[in-house]
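Engineer: Next come a sequence and a model predicted from it.
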Amino acid sequence: MAQVNRKPLTHNNKVIPLSPGAPWTFWDFCLSKESNPIESWYQSALSDDGKFLLDSLLKSNRKTALPNDWVGFRKFLKGKPNKYKIWELGFRADGRQYRVFGTFGTVRKQAILLLGCYHKGGVYTPPDSLEQAYKRARMLAENKAVIHARPINDDL
Amino acid sequence: MRDRSTTISKLKQSRSFRASYIAAKLKVLIPAQLRALRLKSETNRQEDLALAAEMRQSRISAMETPGAVNFNLDTLVRVASALKVGLVVKFVPFSEMLRWENEFSQDSFNPVTIDRDSDFQGRNAPVTQFYQLGSARFLEGTYRHSQRGSVGAVGDYIPGYSPNILRPSETSGMNVDPRPLGGLGSAAMSIKQ
């Protein structure tokens, strides 16, 4: 009978252990140090309700290891945006269905917000939102844009 | 992001600002809890939960979207009963609400269902797991309830509770912090459910 090497499998490099302690970090897409379109959208388009809701959403989701389990996480977009794994985060405030497009960064547990818009009847407003998000993701991939940390405080 | 001091002063001044703030917390934390509970339950599809709660799947989906549903108590009770867990709704100081939000994590949120809740089912469970030093008024109320025999399971625990818990007679006339601690309130509401 042939001898079988029964060494226990001690290391499998296909399995990446998730450390539950490390929270996700959220970043804003920026064209330059001065221009932050996400913060501009946050300040101008969202009411107090919307601002608080987005803050709470990010605060809650950063502690959830798997993005698929994030509350408000809708889907990875299909078609062209799928090249950069652009996802969509949804919430409703002021009677509008808001959407935030994002992608993952090169560093672990880094989520980058690309664009904010709203959505009704299958139409995004502004109408070129998807194109813009794709363009911004491509700019990030080509190192033509910078990111800025979105601070999420544990306490008020 | 907002400046902390500006937010606090606005929260102190404006009722509508406070309402937005509270609503935002609940509109995220309730869907987060629902999603966490559903994903950890034995039947983790939205259709299964919808069937158990006698709702449409689209309603479950909406309830898991932040801000999409204005929850009423009936809906929450219906979902809680379908998920076999209790429900606590209580008024608390802002600091406690924030603490709850800060400590809440979808990954670690996993309340036991009634089938596995040995503390709820077992008559000899240690009372310290149930009650913490907190509201004297609550303890008194519970004690009276148990005397009347209207609460049932709760009454079994009260007479033998551990010495570090204040008895109603010990708390009368004392200046006890009236804020109930999490365990106390949770136990109360869970049992009421």
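Structural biologist: Yep, that arrived. Numbering: from 1, shown residues only, chains lettered A, B, ... in the order given.
Engineer: hang on, A:Glu88 in a strand?
Structural biologist: Yes: checked against DSSP: H, G, I helix; E, B strand; the rest coil, A:Glu88 lies within a strand.
Engineer: For it, which non-adjacent residue is closest in space?
Structural biologist: Leaving out its chain neighbours, the residue that sits closest to A:Glu88 by C-beta to C-beta, 6 or more residues apart in numbering or on different chains is A:Arg74, at 4.4 Å. No exception for glycine: its C-beta is placed from N, CA and C like everyone else's.
Engineer: ok, now A:Lys109?
Structural biologist: Of all residues apart from its sequence neighbours, A:Trp24 sits closest to A:Lys109 (C-beta to C-beta, 6+ apart), at 4.7 Å.
Engineer: Quick check: that neighbour touching A:Leu113?
Structural biologist: No: shown here, A:Trp24 and A:Leu113 do not form a contact pair, counting by C-beta atoms under 8 Å, at 11.7 Å.
Engineer: who has more neighbours, those two?
Structural biologist: Higher neighbour count among A:Trp24 and A:Leu113: A:Leu113, with 26 against 18, using other C-beta atoms under 10 Å in any protein chain shown.
Engineer: what are the phi and psi angles of that one?
Structural biologist: phi -80, psi 130 (degrees, to the nearest 10).
Engineer: again with the one 4 residues further on
Structural biologist: According to degrees, to the nearest 10, the main-chain angles of A:Cys117 amount to phi -160, psi -180.
Engineer: so what's the closest residue to it other than its chain neighbours up against?
Structural biologist: Leaving aside its sequence neighbours, A:Cys117 sits nearest to A:Ser129 (C-beta to C-beta, 6+ apart; 4.1 Å). The neighbours of A:Ser129, taking C-beta atoms under 8 Å, 6 or more residues apart in numbering or on different chains as the test, are A:99, A:101, A:115, A:117.
Engineer: Could you confirm the third one falls within a strand?
Structural biologist: Yes: per three-state DSSP, A:Leu115 lies within a strand segment.
Engineer: so the residue of chain B at minimum distance from chain A is in which element?
Structural biologist: Among all residues of chain B, B:Ala24 sits closest to chain A, at 3.3 Å; criterion: C-beta to the nearest C-beta. B:Ala24 belongs to helix B:15-40 when assigned by DSSP states H and E.
Engineer: ditto for B:Ser61
Structural biologist: helix B:57-63.
Engineer: Please work out which residues outside whatever helix or strand comes next after that helix touch it.
Structural biologist: Under the assignment DSSP H and E, the closest C-terminal helix or strand after helix B:57-63 is helix B:73-82. With contacts defined as C-beta under 8 Å, 6+ apart, helix B:73-82 is touched by B:30, B:34, B:49, B:52-55, B:63, B:69, B:86-87, B:89, B:193.
Engineer: counting contacts, what elements does the helix holding B:Ser61 pack onto?
Structural biologist: The helices and strands touching helix B:57-63, judged by 3 or more C-beta pairs under 8 Å, 6 or more residues apart in numbering or on different chains; DSSP states H and E, are helix B:15-40, helix B:46-53.
Engineer: among those helices, which is the most enclosed?
Structural biologist: Counting by mean count of other C-beta atoms under 10 Å in any protein chain shown, helix B:15-40 has the highest mean neighbour count of the helices and strands packed on helix B:57-63, with a mean of 19.
Engineer: name the helices or strands packed onto it?
Structural biologist: Here helix B:15-40 touches helix A:48-61, helix B:4-13, helix B:57-63, helix B:94-103, going by 3+ C-beta pairs under 8 Å, 6+ apart.
Engineer: which one of these is the most hemmed in?
Structural biologist: Of the helices and strands packed on helix B:15-40, the one with the most neighbours on average (mean count of other C-beta under 10 Å) is helix A:48-61, at a mean of 23.
Engineer: Report the next helix or strand after that helix in sequence order.
Structural biologist: For helix A:48-61, the following helix or strand on the C-terminal side (DSSP H and E) is strand A:73-76.
Engineer: looking only at pLDDT, what's the mean for that following strand?
Structural biologist: The average pLDDT within strand A:73-76 is 88.
Engineer: Quick check: neighbours of it in the sheet, parallel or antiparallel?
Structural biologist: In the sheet, strand A:73-76 lines up against strand A:87-93 (antiparallel) (DSSP bridges).
Engineer: residues in contact with the helix or strand following the partner strand?
Structural biologist: Helices and strands here follow DSSP H and E; after strand A:87-93, the next one along the chain is strand A:96-104. Residues from elsewhere that reach strand A:96-104 (C-beta under 8 Å, 6+ apart): A:46, A:50, A:54, A:67, A:74, A:77, A:81, A:84-92, A:110-120, A:124, A:129-130, A:133, A:137, A:140, B:68.
Engineer: circling back to that earlier point, contact partners of the helix holding B:Ser61?
Structural biologist: B:30-31, B:34, B:38, B:46-47, B:49-50, B:53, B:68-69, B:71, B:75, B:79.
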